[in-house]
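> Can you look at this prediction? I've put the sequence above it.
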Amino acid sequence: MKWQTVPITTIAELALDRVTTFDGERPYIDTGSLGLDGSIEDVGSMVTFKTRPSRADLVVRSNDILFARMKGTAKVLLAAPHNSGWIFSTGFAVLRPKPSLVEPRYLYHYVRSSAFQQQKDCLATGAIQLAINNSAIPKVEIPVPAISEQQKIAAVLDQAESLLKKRVIANDKATRIIYALFYKMFGDPVTNPMGWLKRPINKIAIVTTGSTPSRKIEEYYGDYIEWIKSDNINTPSHFLTTATEYLSKKGERIGRTVESGATLITCIAGSPGCIGNAAMTDRRVAFNQQINALTPRDGVNSIFLYCHCLVSKRLIQAASTGGMKGLVSKGRLSAVEFILPPSKLQDHFGRLSEPLIKAAQTRIEHKAILDRLFTILSKQAFSGDLTTKWRVAHMRELLAEMEAQAKALDCPSTQSNSPEVGSKRHAGHDMFNKAALAAYITDRCHAPDRPMGRVKLAKLFYLVQQKAEIELTETFTKRAAGPLDDEIHKFLSLAQKSKWLVLCRGEGDLKPVRPGANVSKAIEQAQKLLGPSKAKVDEMLDQMKGWGYRALERWATVLDASFELTAAGQPATVEGVKDIIQRHPDWVPKLSRDEFSDTNIEAALKGLRGFGFKTNQD
C-alpha cells in the first residue's frame, strides 16, 4: 500500500490572520517563549493594541500548528482553544489543517519531525538570519496516509511525547536538589547570611583564559585533544560535552589546557543569558578564548567550587561589560567574590554532592536515549513502518478510504506505481552517483597549496556516506587502509571522463586529485543525493579537509568497527574496537602503529560521538 506525498499546503492552509483592533491587554508569545517540547514556557508579555511590538501581528485558531521560521529552530505549537485570543510573533508560520485531509495532531508531529525540519532548513533564506518564507513553505512535502491511520500514528506519538515530558519534569526537579543542598549548608552566597569569609575568585582558584590557535596554520588542528567551545558548556550536563573540533599536538602546545577537576565558565557569548554557564572537566581538554577556567587552589574542593559557580551565576553576570552581547573579562571575573567556608565543610559538601552529580548525568543519558528512541519512532511513523501490522489488519477499509482521499487530493489513486513507503534505495551499482559524490568531496576539500590524495578521498567517501546515512555503497570492504569501496577506480575513471575530476600524476606516495572543468554538474547531482544532510556533511568536510589520511584512516576504521559491534549488540569501547580489528587479517598490523594506540582509539570514539555518529558507546 502506498501513501501519497503532497505539498504541505495541499492538506493545510497557510494562515495569515492578522491582529485587528482590540480593547485591554492580551498575551503575546514570541519564539523565545516556546519550548522545544511544544509547551509555552512563559507568556512573553501582556500587550495592548497600541503598545504591541511590530512583530506581534498573528492570531490563531484552535488546532492551528505554529512553527518557528528560523533555520535550526525546531519549535512547534499545536494551538489550544484558550490560545485563540492570544497574539503571536510573525517569527512563526501558521498551518491550518483541512479536517477532511489531515488529523491536526498528525500534522503537529510531522512538523516536529526531522523530516519536516530538514526540509525547512534547506529552504531557509536571508542575508542576516536564515528563515523559511511563505513562498517556500508550499515546497515542503508531507506523506499523507488515510485519516484513520493518521489518528493511529498520532496516538502512538502522543503517548511517547508524554513520557518524554515526564522525564523532563523529573530531571528539572532533581536538578534543584544540589542547589537546595548548597543553600542549606552555606546559605545564599550573594547575601552571605552565615557570615562566611569572602575572597576574590583568583584567591580561590587559578583563572585561565582559553585561546584559539591561528586558523591560518592548519597543522594546529587535528584529532589529538578536544578543543572546547561554549556550546560544550551551555548544556544541562554538569560535565563538558564532547567537542566537535580537536587540536593537534602542535596546536595543544600553543593552546590553553586544563586537567580534570577544573570548572569552565562561559565569559563571552552572543546572549547575555549564557554568561556564567559552567561545567566541570572530567578529562584534560583545550578551550577557546570565550571561556575562563577555574582550577581550585590548595584547600578548595573542586565540586564545591563548581557548585558555587552554579548558584552564583548572577554574580558573574553582574560583572559583564558587554552590553547586549555579554562579556566578562578575566580581570573582572577574578575580582568576583565567593564565600570560602572551611575546607572540611567543603569536602563534606563534595561527598554529598558527588553522587547527586553522577545521578544527574545518568538522568541526562536516559533522556538522550528516550530522545533517540522518539526520533526512531517518528521516522518509522512517517515512513509507514510503525503501522505496518495495523495496516494489514485494516487493509480493505484503508484502500477504500485512500481512494476517496486520492480524489480529494487530486492525486493518482492508490494503484499507481509510486514507490513503496519505507522502501530504501540501494545504489551500490550506481557509478554515476558515486562519481558525483567523489567530485563533490574533492571540490569541497581541494586547495592548490594542499593537494588531496586518492587515499584521503577514499576515507572521506566512506565517512560522508555514514554521516549522511545514504546507502550508495552496498558494502565497504575491510582493506589495509580501512573500509573501502572496491569500485573506487571505476567511478573515479568515470568522473575523469565526465571532466568532474582530474586524476593527476603521482608525486611520491601522493596520487593527487583535483576538481575538473565540469565539476559544477557533479556538485548539483551530489546535492540532490545528500538532500537535507548536505549542511552537516559540509560542516564535517570543512573540519576534516586539513587532516592527514592517517587520522582519517583511524576514524573510518574505528567507526566501521563500531558498526560491527553495534550489529552484535555490544557497546563501542576501546577493547571492543581492538577485538574487531584483530578479527580481520588486513587490519591486524594497525594495532602495532601509534595511530591505533588505546589513547588514539579512545580519542577517535569521542570525536565520532562529537560529530554525531551513532556508535553505541557506553
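In hand now; what should we look at?

> distance between the ends of stretch 124-140?
Start to finish, the residues bounding stretch 124-140 are 11 Å apart (C-alpha to C-alpha, to the nearest Å).

> Following the chain past whatever helix or strand Leu181 lives in, name the next helix or strand.
Element membership for Leu181 (DSSP states H and E) is helix 147-186. Counting by DSSP H and E, the next helix or strand C-terminal to helix 147-186 is strand 198-200.

> average model confidence for that next one?
For strand 198-200, the mean per-residue pLDDT is 96.

> Show me what that strand is packed up against.
With contacts taken as 3 or more C-beta pairs under 8 Å, 6 or more residues apart in numbering; DSSP states H and E, strand 198-200 sits against strand 337-339. For the C-beta atoms, the positions are set from N, CA and C on the backbone; glycine is no exception.

> What helices and strands are in contact with the next helix or strand after the strand it packs on?
With elements assigned by DSSP H and E, the helix or strand that comes after strand 337-339 is helix 343-383. Here helix 343-383 touches helix 104-112, helix 114-123, helix 147-186, helix 302-311, going by 3+ C-beta pairs under 8 Å, 6+ apart.

> One more pass at 10 Å, please.
The helices and strands touching helix 343-383, judged by 3 or more C-beta pairs under 10 Å, 6 or more residues apart in numbering; DSSP states H and E, are helix 104-112, helix 114-123, strand 141-144, helix 147-186, helix 302-311.

> quick revisit: could you give the angle of the helix holding Leu181 to helix 302-311?
110 degrees (axes from the mean of the first three to the mean of the last three C-alpha atoms, to 10 degrees).

> Okay, domains of this structure per the record?
4-143, 197-340, 431-610 (automatic domain parsing).

> Tabulate the ones you listed in JSON lines, adding columns for mean neighbour count.
As requested, the domains of the chain are exported to JSON lines (neighbours: other C-beta atoms under 10 Å):
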{"stretch": "domain 4-143", "mean neighbour count": "18"}
{"stretch": "domain 197-340", "mean neighbour count": "19"}
{"stretch": "domain 431-610", "mean neighbour count": "18"}
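
> Which among those domains is found nearest to Glu397?
Judged by C-beta to C-beta, the one of the domains of the chain that comes nearest to Glu397 is domain 4-143, at 16.1 Å.

> does Leu66 count as helix, strand or coil?
Following DSSP: H, G, I helix; E, B strand; the rest coil, Leu66 is assigned to strand.

> Is it bridged to anything, and to what?
Leu66 forms beta bridges with Leu77, Val94, as assigned by DSSP bridges.

> In this structure, where is pLDDT below threshold?
1, 41-44, 322-325, 395, 398-399, 401-403, 405-406, 409-429, 508, 615-618 (pLDDT under 70).

> Enumerate every residue touching the residue of it positioned farthest from its centre.
The centre of the chain is farthest from one residue, Gly195, which by C-alpha atoms, centre = their mean lies 44.4 Å away. Taking C-beta atoms under 10 Å, 6 or more residues apart in numbering, we find Gly195 in contact with 187, 339.

> Look up how far Val336 lies from it.
Using C-beta to C-beta, to the nearest Å, one obtains 19 Å as the distance from Gly195 to Val336.

> Kindly report the same for Asp443.
Distance of Asp443 to Val336, computed by C-beta to C-beta: 49 Å.

> before we move on, back to that, can you lay out the helices and strands packed on helix 343-383 as CSV showing distance to Phe596?
Formatted as CSV, the helices and strands packed on helix 343-383 follow (distance: least, C-beta to C-beta, whole Å):
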stretch, distance to Phe596
helix 104-112, 41
helix 114-123, 34
strand 141-144, 44
helix 147-186, 38
helix 302-311, 33
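
> Looking at the ones you listed, which is nearest to Ala279?
helix 302-311 (8.1 Å).

> Following that closest one in sequence, what is the next regular element?
The helix or strand immediately downstream of helix 302-311 is helix 313-318, counting by DSSP H and E.

> mind checking how far the next helix or strand after that next one is from the chain centre?
Where DSSP H and E defines the elements, the next helix or strand beyond helix 313-318 is helix 330-335. Taking the mean of its C-alpha atoms, helix 330-335 sits 33 Å from the chain's own mean (C-alpha atoms, centre = their mean, to the nearest Å).

> who does helix 330-335 touch, helix- and strand-wise?
Packed next to helix 330-335, using 3+ C-beta pairs under 10 Å, 6+ apart, are strand 198-200, helix 201-204, strand 205-209, strand 291-296, helix 313-318.

> same thing but 8 Å
Contact partners of helix 330-335 among helices and strands, from 3+ C-beta pairs under 8 Å, 6+ apart: helix 201-204, strand 205-209.

> how about these in CSV, adding distance to Ser312?
Putting these into CSV (distance: least, C-beta to C-beta, whole Å) gives the following:
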stretch, distance to Ser312
helix 201-204, 10
strand 205-209, 13
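
> and Leu352, which of these is closest to it?
The minimum distance between Leu352 and the helices and strands packed on helix 330-335 falls on helix 201-204, with 20.1 Å, by C-beta to C-beta.

> List the contacts of the closest one.
Contact with helix 201-204 is made by 207, 294, 296-297, 300, 305, 333-338, 340, as judged by C-beta atoms under 8 Å, 6 or more residues apart in numbering.

> Please apply the same query to stretch 329-339.
186, 189, 192, 196-202, 204, 207, 209, 265, 267, 292, 305, 308, 312, 315-316, 319-321.

> Past whichever strand or helix holds Thr566, which element shows up next along the chain?
Assigned by DSSP H and E, Thr566 belongs to helix 549-567. Toward the C-terminal end, the helix or strand that comes next after helix 549-567 (DSSP H and E) is helix 574-583.

> Tell me which other helices or strands the very next helix or strand once past that next one touches.
Downstream of helix 574-583, the first helix or strand assigned by DSSP H and E is helix 598-610. If you count contacts as 3+ C-beta pairs under 8 Å, 6+ apart, helix 598-610 packs onto strand 225-228, helix 549-567, helix 574-583.
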